[in-house]
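1. Sharing a sequence plus its predicted fold:
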Amino acid sequence: MSIRIVRLGTPRAPGEGLRVGTVRRPPRGVPKTEFASQDWYDVWYPNLAPSVEAMKQAQEAQKEESPAQWNAFVRKFKSEMAEPDASRSLDLLAALSHGASLSVGCYCEEESRCHRSVLRSLLAERGAKIVD
């Protein structure tokens, strides 16, 4: 029982459990009926995705490879995740990780420059059981 932090669209790990897509938009060109079978996600949960404004900030930081811009994105995203609805969602996932297997993910190739790296730390702060 644990949470895995994954890249959506990659093959599922054995015992991965329910895959939650924490992305702003569904995958392009994929019929909704095939999201799970193509290893995108089982449940779409944009509540834990960065806002459009924060997402643009992260993309700019990735493009320019700017640590200062990335840190600004992290601060903004953490602020968004501190809002009551997002915070309760993180609390729920952390609690579920002790009794169920699940995964959360995003499309980005490099986790260290993706909001899922921030989700990993926020879940860990809440006592989530996280598997690499």
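-> Yep, that arrived. Numbers count the residues shown, from 1 in each chain.
2. pLDDT score assigned to E65?
-> Predicted confidence (pLDDT) for E65: 78.
3. Equivalent analysis for A36, please.
-> Looking at A36, its pLDDT reads 95.
4. Touching, it and V30? I think so.
-> No - contact between A36 and V30 fails when scored by CB atoms under 8 Å: they sit 10.5 Å apart. For every residue, glycine as well, the C-beta is placed using N, CA and C.
5. average pLDDT for stretch 20-28?
-> pLDDT averaged over stretch 20-28 gives 94.
6. CA-only coordinates of it in CSV, if you can.
-> C-alpha atoms of stretch 20-28 as CSV (Å, rounded to 0.1, in the frame of the first residue of the first chain):
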residue,chain,number,x,y,z
VAL,A,20,-4.8,9.6,-10.9
GLY,A,21,-4.0,12.2,-13.5
THR,A,22,-3.2,15.5,-11.9
VAL,A,23,-3.1,17.4,-15.1
ARG,A,24,-5.0,20.4,-16.4
ARG,A,25,-6.0,18.8,-19.7
PRO,A,26,-6.7,15.3,-20.9
PRO,A,27,-4.3,13.7,-23.4
ARG,A,28,-4.8,15.0,-26.9
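7. Would you mark the buried spots in that stretch?
-> For stretch 20-28, burial by neighbour count (16 or more other CB atoms under 10 Å) applies to 20-24, 27.
8. just checking, Q38 is part of a strand?
-> No - applying DSSP: H, G, I helix; E, B strand; the rest coil, one finds Q38 to be coil, outside a strand.
9. how close does it sit to C114?
-> Per CB to CB, to the nearest Å, Q38 is found 20 Å from C114.
10. Please say which of the two ends up with more neighbours.
-> Set Q38 next to C114 and count neighbours by other CB atoms under 10 Å: C114 wins out with 20 against 12.
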